[in-house]
Structures are given as C-alpha cells and as structure tokens.
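Novice: Give me coordinates for this.
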Amino acid sequence: MKLGILAVGHKLPDWVAQGCAEYIKRMPRELPVSVAEIKPEPRGSKTREQLLAAEKSRLLTALPGFGRIVVLDERGEDLSTLKLARRLEDWMREGGDTAFIIGGADGIDDELKQRAHDTIRLSSLTLPHAMARLILCEQLYRAISVVKNHPYHREG
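Specialist: Down below sits the predicted model:
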C-alpha cells in the first residue's frame, strides 16, 4: 500500500519541506508516502467556483492509481491519533493506495468531496496549508508507529 498527499499550493518554506521529508523518510518500506504539489489556480477575476473547478481538474489528473480518497476539511471527522492508527490499519488490511487531499486557499470542490471515502480534519484550529501538510506527515508517521508498536507515540 502507498500513501499520497496531493496538496494544492505553492513551494513550501524550507523548514516545512525538511520536516515533511524527515517524516516521509521514517515511514516503513511497506507504507511509502509521496507528496504531489498541485498548482493553485491564479485568482484574477475568477469566481470561487471557477477556482475550485480548475483545481479539481488538476487533482483528478493526479488521482489515478489511488483507490481510496481522504479529503482534509475543517468540517471533517475529528480523529484522535489512536483512531487514525486504527483507520490506517484497516486501510492496510483492505489494501489499495490512499490519497490525502489538501485543498487550496478556497478549499476543495464539493463534487470532489463527495467522491471521497473519508473526510477528516487535523485540528479545530485554522491551519496554514503548509503547516497542515507537515502535521499530516507527522501524524501518518505517528499512526504507523502505533500500529507497529514503536515507542514514538506515548499514550497517557
């Protein structure tokens, strides 16, 4: 099984890219993570719907090969680390590659949200998109550490 992070956005600050690279490097061989940066649509005089439609088209182009889609959204399910670990374990048992989608500044197109198998949120706080990417990388590493009984995560 492979995990992919499809993130709409511009080049990350170096410290975010380095942090993501560190957690991705720590992932076990049987659960590699890749990150694909999706170009955001230039704002100009376009409506929100036009922006989201253009970004949806780019995201759909990056999705082939992923059997499971997980959208990150502020109204998504609030998972604890242990619940994310259990969900990850279930996905591994079921097989199939999983894509996590982080939308751009205007969010994610509703039609794409409807296609998602899961919708989760990382926090009740509003996070910058670069920070969301770093937190997702860390939480995926933490979740697989729980699954593998690695001492990275300490509960209680």
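Novice: so Arg29, which of the three states?
Specialist: Reduced to three states with DSSP: H, G, I helix; E, B strand; the rest coil, the structure at Arg29 is coil.
Novice: Show the end-to-end separation of stretch 111-130, please.
Specialist: Start-to-end span of stretch 111-130 (Cα to Cα, to the nearest Å) is 24 Å.
Novice: and for it, what are the contacting residues?
Specialist: Residues outside stretch 111-130 that contact it (Cβ atoms under 8 Å, 6 or more residues apart in numbering): 7-9, 12-13, 16, 56, 59-60, 68-79, 84, 87, 101-105, 132, 135-136, 139. For every residue, glycine as well, the C-beta is placed using N, CA and C.
Novice: Quick check on the residues you listed: which are buried?
Specialist: 7-9, 12, 16, 56, 59, 68-73, 76, 79, 84, 87, 101-104, 132, 135-136, 139 (16 or more other Cβ atoms under 10 Å).
Novice: which other helices and strands contact the longest strand anywhere in the chain?
Specialist: For the chain, the strand with the greatest residue count under DSSP state E is strand 68-78. Counting by 3 or more Cβ pairs under 8 Å, 6 or more residues apart in numbering; DSSP states H and E, the packing neighbours recorded for strand 68-78 are strand 98-102, helix 110-115, strand 118-121.
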